[in-house]
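[1] my questions are about this predicted structure, shown below with the sequence.
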Amino acid sequence: MSDGYRFCVDRTGILLFASALGETNPIYWDEEYAKKTPLGGVIAPPTFAVSSAHWDPNYALRGVRKIPAPPPKPPVSTGGPVAQGGGAAGGGGGLNLTRVLHGEQRFEYHKPVRPGMALTVTQRAGKSWTKEGKKGGTMRFSESISEFRDENGELVVTATSVGIVTEKAVQ
Amino acid sequence: MKDSNPKLKFHDMRVGLEYESKLAENLTRTQIVQYAAGSGDFNPIHHDETFAIKLAGYPSVFAHGMLTMGLTGRLLTDWLGDGVLRKFSVRFVKQVFPGDSLVAKGIVRELKEEGDHGLVEIDLVTTNQRGEPVVTGSATAALPR
């Protein structure tokens, strides 16, 4: 279980994420429109919680970014689960990125994610198991569970990611 | 039922009801890169062709599974409305490559009444232009009665 990090939700972040999905739904950026709906304001799309990766100091796939904190040194490989790499949608910390796949993703929604929320994200490892795959050789599966809580400590989203580490490329 | 803007009522739904959405036509590398920036997932396997082919052994870069899940989420919100989802889960079955075209289909599997609203259980499948499933999954939505 990590101590958690702060994920600051704003309209620009939501706009960029929704744009990448080819969204045309104004609920994701048009405050005037959104105010007239029962939601009363802009909300984020259903899978937006994964973009908390931008704020995760331990996220392994962050490109060249050095903020909000420098990425940690790669951990010594213990053959542990992919979940240790962090990220609400899996990670790959210290792992060979050519062999890390995202197997499953599950979200549970407790309330909408809205601009202005400062969510605290905590992560913990879930189950792990192995399977013999026809295409990828031995496959190691591991769950990573992320909880997103608001300023009152109330759950907003729970995200479970299942990462897979394969022996070879899977197609 | 605050915090949602449903397009349908629970009594509009029936088991077996289907909805289809076109999610992508000839998916571009640009959209994959845009998703990398939006989501923060800069695994080079999704944007660096040399890395994807020479180091990882794939035919080209491929889309983030979460891009396909995000696109599949559009089917749910276009069909049912905003803020109605209680659960949304997928399995990533097959990679999505640049040039692929994706269609998602949702089918109502089960209806449950719960107080002043009803829960709609939906099975999901997103297929590519060859009819191969790339994502399968399920969702639960709460709709007013």
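    Received, thanks.
[2] tell me the phi and psi of the spatially closest residue to A:R114 that is not a sequence neighbour?
    Excluding the flanking residues, the one nearest A:R114 by CB to CB, 6 or more residues apart in numbering or on different chains is A:I43, at 5.6 Å. In short, each C-beta sits where N, CA and C put it, glycine included. When read as degrees, to the nearest 10, the backbone of A:I43 gives phi -130, psi 170.
[3] do the helix or strand where A:G103 lies and chain B meet?
    Remark: A:G103 resides in strand A:100-109, with elements defined by DSSP states H and E. Yes - under the criterion of CB under 8 Å from any CB of the partner chain, strand A:100-109 makes contact with chain B via A:V100, A:L101, A:H102, A:G103, A:E104, A:Q105, A:R106, A:F107, A:E108, A:Y109.
[4] export these as TSV, with columns for pLDDT, distance to B:P98 and neighbour count.
    Shown next, in TSV, are those (pLDDT from 0 to 100; distance: CB to CB, whole Å; neighbours: other CB atoms under 10 Å in any protein chain shown):
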residue	pLDDT	distance to B:P98	neighbour count
A:V100	81	20	22
A:L101	86	18	21
A:H102	90	18	26
A:G103	94	22	22
A:E104	97	24	20
A:Q105	98	22	24
A:R106	98	27	18
A:F107	98	26	26
A:E108	98	32	16
A:Y109	98	31	25
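[5] for residue 107, what are its contacts?
    Picked chain A for this. If you count contacts by CB atoms under 8 Å, 6 or more residues apart in numbering or on different chains, A:F107 has them with A:P46, A:T47, A:A49, A:V157, A:T158, A:A159, A:T160, B:L85, B:K87, B:F88, B:S89.
[6] not quite, go with chain B.
    Contact analysis of B:I107 by CB under 8 Å, 6+ apart lists B:G16, B:L17, B:E18, B:I122, B:D123.
[7] in the chain, which spans are helices?
    Let's take chain A. Per DSSP state H, chain A carries helices over the ranges A:11-20, A:31-35.
[8] that's the other chain; I wanted chain B
    In chain B, the segments counted as helices under DSSP H are B:29-39, B:49-50, B:65-80.
[9] can you name every helix or strand that the first one contacts?
    Taking 3 or more CB pairs under 8 Å, 6 or more residues apart in numbering or on different chains; DSSP states H and E as contact, the helices and strands that helix B:29-39 lies on are helix A:11-20, helix B:65-80.
[10] could I get the CA-only coordinates of that helix as PDB?
    The C-alpha trace of helix B:29-39 is given here as PDB (Å, rounded to 0.1, in the frame of the first residue of the first chain):
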ATOM      1  CA  ARG B  29      -0.800   7.100 -35.100                       C
ATOM      2  CA  THR B  30      -1.700  10.700 -34.300                       C
ATOM      3  CA  GLN B  31      -4.600   9.600 -32.100                       C
ATOM      4  CA  ILE B  32      -2.500   7.100 -30.300                       C
ATOM      5  CA  VAL B  33       0.100   9.800 -29.600                       C
ATOM      6  CA  GLN B  34      -2.700  12.100 -28.500                       C
ATOM      7  CA  TYR B  35      -3.900   9.400 -26.100                       C
ATOM      8  CA  ALA B  36      -0.300   9.000 -24.700                       C
ATOM      9  CA  ALA B  37      -0.200  12.700 -23.900                       C
ATOM     10  CA  GLY B  38      -3.800  12.700 -22.500                       C
ATOM     11  CA  SER B  39      -3.300   9.700 -20.300                       C
END
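[11] show me which strand runs longest in chain A.
    Using DSSP state E to define each element, chain A has its longest strand at strand A:118-133.
[12] I'd like the contacts of A:F107 as JSON lines, with neighbour count appended.
    As requested, the contacts of A:F107 are exported to JSON lines (neighbours: other CB atoms under 10 Å in any protein chain shown):
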{"residue": "A:P46", "neighbour count": "25"}
{"residue": "A:T47", "neighbour count": "27"}
{"residue": "A:A49", "neighbour count": "24"}
{"residue": "A:V157", "neighbour count": "25"}
{"residue": "A:T158", "neighbour count": "18"}
{"residue": "A:A159", "neighbour count": "23"}
{"residue": "A:T160", "neighbour count": "19"}
{"residue": "B:L85", "neighbour count": "22"}
{"residue": "B:K87", "neighbour count": "17"}
{"residue": "B:F88", "neighbour count": "23"}
{"residue": "B:S89", "neighbour count": "17"}
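[13] in JSON lines, list these along with distance to B:D12.
    Compiled in JSON lines, the contacts of A:F107 are given as follows (distance: CB to CB, whole Å):
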{"residue": "A:P46", "distance to B:D12": "21"}
{"residue": "A:T47", "distance to B:D12": "25"}
{"residue": "A:A49", "distance to B:D12": "29"}
{"residue": "A:V157", "distance to B:D12": "27"}
{"residue": "A:T158", "distance to B:D12": "28"}
{"residue": "A:A159", "distance to B:D12": "29"}
{"residue": "A:T160", "distance to B:D12": "30"}
{"residue": "B:L85", "distance to B:D12": "17"}
{"residue": "B:K87", "distance to B:D12": "20"}
{"residue": "B:F88", "distance to B:D12": "20"}
{"residue": "B:S89", "distance to B:D12": "24"}
